[in-house]
Structure formats: C-alpha cells, structure tokens
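1. Sequence and predicted structure are below.
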Amino acid sequence: MQASRQQLTREPMPGWKDKAGRKGHPGHGQESPLDDFDLADFYRAYDSSQSEPTIEPADFICGVSGSVLHCTLAAEYDNTATTRATASTPVSTPQAPTEPVDPRLEAKRARNRAKKAKRRGYDLLHFDRKKEDVPFCDNKGRVFALLLGWPVGWEECTARANAAMEQLQADLAGCRCPPNRRGPFAAYAYGYSFGGGQPRPMAFSRTKTESNAIARFLADPDVQAVFKYICGALKTWFPKHAERYEQCLALYREWGSLNPPSDLPYPALTLNVGRWTICDPHQDSPNDLTGLCLDWILGCFDHNKGGHLILHEARKILSLEPGRVLLFSSALITHETIPIPATEWRSGVTGYAPGGLWCFAAHGMRTKEVWEAQASAEELAEEEGNGIRRWEEGLSRFLTVPQLQQYWDAR
C-alpha cells in the first residue's frame, strides 16, 4: 500500500509527550557506556598551540531502548579488537571513474577499502528500516549526530525524489559547473552565504537556467515532504540549534531581504547532482563550527558494497542506503565516501549554515575588517577572549538524552 505524503510528516516532539500530557518518550533510564570521543576535544580548532588530543570512537545510543546499539557486522569483517589509528589517517582518496569498469571489480575494491578501515579500528554499521531515529553520542552523552528513522512510505517517497533528482540532472546537463573541492562531481550551491572575499552576505550566483531547474526540484512535493520530516527531527533532537538557525534566517530576512532556499532552517543548500558523488576526506570548515549539517542521500546503488559514509574521528563506517538522512557536525568531523561501481549512481542534497553569517552579525552587520577599524581598544581586547566563550556556548547546544527529556517535559 502506497503511503500518502501526509504520513511522512512528524510532530515537533515525537515520542516525548502527547497532547494529553502522558509521558511516552523512549526509556533512557540506565546510563550507557561510551568511549572517549568528546566534542570538547575539538577546541584545537581555536587553539593550535594545544597538543592534538587522542580521539576515540563514539558508541551509539539506541533511540528506542536507551542501551548501546550493537550493530551486526557483515560476515566477511572481523569483529575482534583492533589497533586504533590516529584520527588524521584517512582511507585512501576515491577517484572518479574515467571509463567503464567491471562492476564486480569495483565492488571488490569497495569491500577491500572498508576492510582496511576496519583493521584501523573502524566499526562497520548497518541499519534496519525502523521508524525510530538513531542518535550518536560522545562520551559525555551529548548527541552530536542523528540518523533519521525510516517511516511508512519512505521507500516510495525516495523513489519519486530520485526521479526528481534525475530530472534535475537532465536540466543541468548543459550547464558549466564550478569546481568542487570535495570531489570530482558536479555540485551547485543555492541560497546565501558570507565569506571568500564577499563584501557582504549575498545569494550564490546562479544562471537563470540553473535557478529555475533547482527551484523546480525544491518545489517537488516529495522533496518538500522529506524537508518537513527533517525539520521535525532537527527540532526534536537539536532544539537549540533549530532555534538559533531560525533566528539567523529572520535576521537576514529583515536586514537584506535574503530568503532561505527551502523550508529547511538552513541559509544554504548544495545539490550534489553528479551521478558519482564520492567525497574525498574533508571537513566543511567554512560552515558553522558547532552547527549541524544535513546529508540526504539519493541514487541507485548497493549500499552493502559501496557508498558508505566514513566518520573518521568517531571511527564509524555507515552503510546508508538511498533515502537515508544524517544530521551531523560536518565542520568538526572528517568524513568521506567509499566509491560505488561505475554502473551505479549516487547523488544527494546537503544543508548547512555558513559560519561567516554569524561572524558578520556579531560585528554589528559589518565585516570584521570594518569593525576592527571602528572598535575601541577595550572592544578589541574583549574580542580576543571571546573564542573560548563562543566555543563553550556552541558546545552547550549539544544536549544529552536526559537533558532533551527535561527540555521537552518542561513544554
């Protein structure tokens, strides 16, 4: 039975409290053991004089039972104790296919790639099609990433969204795509940002053909349904991030009539329209450092053989099928993608908030250079010490599961 798009919507607080006030949130009463992955260690991004911390993998906390989620490894992978590699040791960089190759050979290469990562101490994780969200937590219990659940009708919705993406690929086939630092595939930024020499926050420059094609894709009913579902997940698990993003959008809407590209609370989207969207190891450093990015995966590929997303500092290899949505801190966590056979395709949509927008707002809607030229000696001295404060404020927006329960129970 095909589900309607209305069935894909979600309440802002699913599973926490119904309208009658009855508690219905998942049972997280017992504390789950976690490894040594701590978001606070990432302060080295501000203070390079500190020695680089040893970052160990994070465990998952199951969104249903509250216990550690023990994911089953594929049969060919060894689940014994392994020696951990340093976080700066990525798996080899993928290369785009330049000519047709044997699909079986490509699949074998992808498996070997995952095996190498597993030997370095990475865990290969598979996920069932369950409606419950799966949060990722660090060793303090802070939720730093979220894999959205698979609700009723998601497979049909994904198939229609895939068709919309293929239409977008056809519409943009004759356009000249700008260079992409994340990998050899076509990607179009849409929305607005600030940075890279811009005199002020402004919309990304797109031709009329590109803008019309992207607008048609974003207006697709199934794409809109997915975006609405993502908004619910963001507000549920990351309420402080969602509130901050809404404030940012309202500020720039009033200041410069800049409108977000979609109903998502992100000022910018990147549409990865290349049919072989395989990312090199990277961090999205221009983004809001303590923010959350959206990764919506589309395409047609065997996710058990390729297309895995690797989170290096967390030492996780995620087997994510087309249709999966992940929210995570892409500015903090080094990530990349395992290749897929040349006969398959993998595309997607990412949402993010450029960090320069908050920098511009913090300086009174001025560039840093203009602000420094006009600031007093006291203001300049205060600015020097604001790095730690901003980091601590950003870190406090990542709540633990008990804090989330308390947050929603109070509403």
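-> Structure's in. What do you need?
2. quick one: low-confidence ranges for the protein?
-> Applying pLDDT under 70 to the chain flags residues 1-120, 179, 181.
3. what comes up buried for stretch 291-310?
-> 291-299, 301, 303, 305-310 (16 or more other CB atoms under 10 Å). From N, CA and C alone the C-beta is placed, and that goes for glycine too.
4. Over to stretch 152-169?
-> Buried, per 16+ other CB under 10 Å, within stretch 152-169: 153-154, 156-158, 160-162, 164-166, 168-169.
5. Same list, those, but as CSV with distance to Val325 please.
-> Listed next are the buried residues of stretch 152-169 as CSV, based on distance: CB to CB, whole Å:
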residue, distance to Val325
Gly153, 14
Trp154, 10
Glu156, 16
Cys157, 11
Thr158, 10
Arg160, 16
Ala161, 11
Asn162, 14
Ala164, 16
Met165, 14
Glu166, 19
Leu168, 18
Gln169, 20
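6. Nearest to Leu404 among the residues you listed?
-> Among these, Trp154 lies closest to Leu404 (CB to CB), at 23.5 Å.
7. out of everything not next to it in sequence, what's closest to the closest one?
-> Distances taken as CB to CB, 6 or more residues apart in numbering put Gly323 closest to Trp154, at 5.9 Å, once the chain neighbours are dropped.
8. Pro322 is in what secondary structure piece?
-> Assigned by DSSP states H and E, Pro322 belongs to neither a helix nor a strand.
9. same thing with Pro135?
-> Secondary structure (DSSP H and E) places Pro135 in strand 134-137.
10. Off-centre distance for that strand?
-> Centroid separation for strand 134-137 versus its chain: 13 Å, with CA atoms, centre = their mean, to the nearest Å.
11. Can you name the element that comes right after it?
-> Following strand 134-137 toward the C-terminus (DSSP H and E): strand 143-147.
12. tell me which strands and helices that next one is in contact with?
-> strand 134-137, helix 221-237, strand 325-328 (3 or more CB pairs under 8 Å, 6 or more residues apart in numbering; DSSP states H and E).
13. That one to helix 221-237, inter-axis angle?
-> Computed by axes from the mean of the first three to the mean of the last three CA atoms, to 10 degrees, the angle separating strand 143-147 from helix 221-237 equals 150 degrees.
14. List the pairing partners of strand 143-147 within its sheet, with orientation.
-> Strand 143-147 has the following strand partners under DSSP bridges: strand 134-137 (antiparallel), strand 325-328 (antiparallel).
15. So what's the residue count around Glu210?
-> 20 (other CB atoms under 10 Å).
16. give the contact list for the nearest residue to it once chain neighbours are set aside.
-> Counting by CB to CB, 6+ apart, Cys175 is the residue found nearest to Glu210 once chain neighbours are left out, at 5.6 Å. Contact analysis of Cys175 by CB atoms under 8 Å, 6 or more residues apart in numbering lists 207, 209-210.
17. repeat that with 10 Å
-> 186, 188, 206-207, 209-210, 213, 273 (CB atoms under 10 Å, 6 or more residues apart in numbering).
18. Repeat that for Phe328.
-> Applying CB under 10 Å, 6+ apart, the residues near Phe328 are 136, 144-147, 292-295, 309, 311, 314, 318, 335.
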